[in-house]
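> what follows is a predicted structure for the sequence shown.
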Amino acid sequence: MQQSLKLTDNQYLIAVVAFYISYTLFETPSNYLLKKYKPNRWFALLMFFWGTITMTIAGVQTYAGLVVTHFLLGVFEAGIFPGLIYCLTFWYKPDERAFRVSLILAGATLAGAFGGTVAFGVGTINRAGSLEAWRWLFLIEGLPPILLSPIVFYFFPEYPESAQWLSPPERALATQRVRGVASLGHAELTARLP
């Protein structure tokens, strides 16, 4: 990528930093929006745009385009991990969350472990269809979130108190067991100052 776009080391670093700046700035607002628009809708939207921006990076031709797409990638990726952790608070008590958080972290670690293998495999198709390997990598990695976003929209659970796949007594039980120790989906977000 750096050679193809004729980037200096500093330009490449700035593009990478743009991602982390937007990721940091948008984590908290994204969780607020997750609560406001429901997890299934918000995650589906984030995934769709995350995949779209990832694929858009494959078409970048300039330094400015790379910085802008990396910044936008951070905006849409910022809500995924913290949002998943936040969603656990709707369903589980604090002592039940640690194992589930560890599964999410293990999944991210496995994805990182296999990412190099995928990148190596994609490197073998360099110049296929007149595209460089790094462009293929962004195209291939952007496609799954786009394809999976409708599934998340229709099947990702909302809140225990509104989950249609639970019977009314099950919804009441799920809500009651976390009341006072976890977030409730219908509860308003408020900022409390000490």
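Yes, it's here. Residues are numbered from 1 along each chain as shown.
> rest of the way, CA atoms for contacts and neighbours
Will do.
> check contacts around the residue most central in space within the chain.
Centroid check for the chain by Cα atoms, centre = their mean gives I80 as the closest residue, at 2.9 Å. Taking Cα atoms under 8 Å, 6 or more residues apart in numbering, we find I80 in contact with F43, L46.
> what helix or strand is the residue sitting furthest away from the middle of the chain on?
In the chain, the residue that sits farthest from the middle, by Cα atoms, centre = their mean, is P169; the gap is 32.6 Å. Taking DSSP states H and E as the criterion, P169 maps to helix 168-178.
> P144 now?
Here P144, judged by DSSP H and E, is contained in helix 133-155.
> and that helix, what's buried?
133-143, 145-146, 149-150, 152-153 (16 or more other Cα atoms under 10 Å).
> then stretch 13-31?
Buried residues in stretch 13-31 (16+ other Cα under 10 Å): 14-20, 22-23, 26-27, 30-31.
> just the C-alpha atoms of that stretch, please, in PDB.
Extracted C-alpha coordinates of stretch 13-31, given in PDB (Å, rounded to 0.1, in the frame of the first residue of the first chain):
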ATOM      1  CA  LEU A  13       1.600   6.800  10.100                       C
ATOM      2  CA  ILE A  14      -0.900   9.700  10.000                       C
ATOM      3  CA  ALA A  15      -3.400   7.500   8.100                       C
ATOM      4  CA  VAL A  16      -3.100   4.900  10.900                       C
ATOM      5  CA  VAL A  17      -3.400   7.500  13.600                       C
ATOM      6  CA  ALA A  18      -6.500   8.900  12.000                       C
ATOM      7  CA  PHE A  19      -8.200   5.500  12.600                       C
ATOM      8  CA  TYR A  20      -7.300   5.500  16.300                       C
ATOM      9  CA  ILE A  21      -8.400   9.100  16.800                       C
ATOM     10  CA  SER A  22     -11.800   8.400  15.400                       C
ATOM     11  CA  TYR A  23     -12.100   5.100  17.100                       C
ATOM     12  CA  THR A  24     -11.400   6.800  20.500                       C
ATOM     13  CA  LEU A  25     -13.700   9.700  19.900                       C
ATOM     14  CA  PHE A  26     -16.700   7.600  18.700                       C
ATOM     15  CA  GLU A  27     -16.700   4.700  21.200                       C
ATOM     16  CA  THR A  28     -18.900   6.400  23.800                       C
ATOM     17  CA  PRO A  29     -21.300   8.200  21.400                       C
ATOM     18  CA  SER A  30     -21.700   4.800  19.600                       C
ATOM     19  CA  ASN A  31     -22.800   3.100  22.800                       C
END
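> avg pLDDT for that stretch?
Stretch 13-31 carries an average pLDDT of 95.
> residues in contact with it?
63, 66-68, 70-79, 82-83, 86.
> if you set the cut-off to 6 Å instead, what comes out?
V67, H70, F71, G74, V75, A78, G79, G83 (Cα atoms under 6 Å, 6 or more residues apart in numbering).
> what is the nearest of those to P39?
Set against P39, the nearest of the contacts of stretch 13-31 by Cα to Cα is G83 (8.0 Å).
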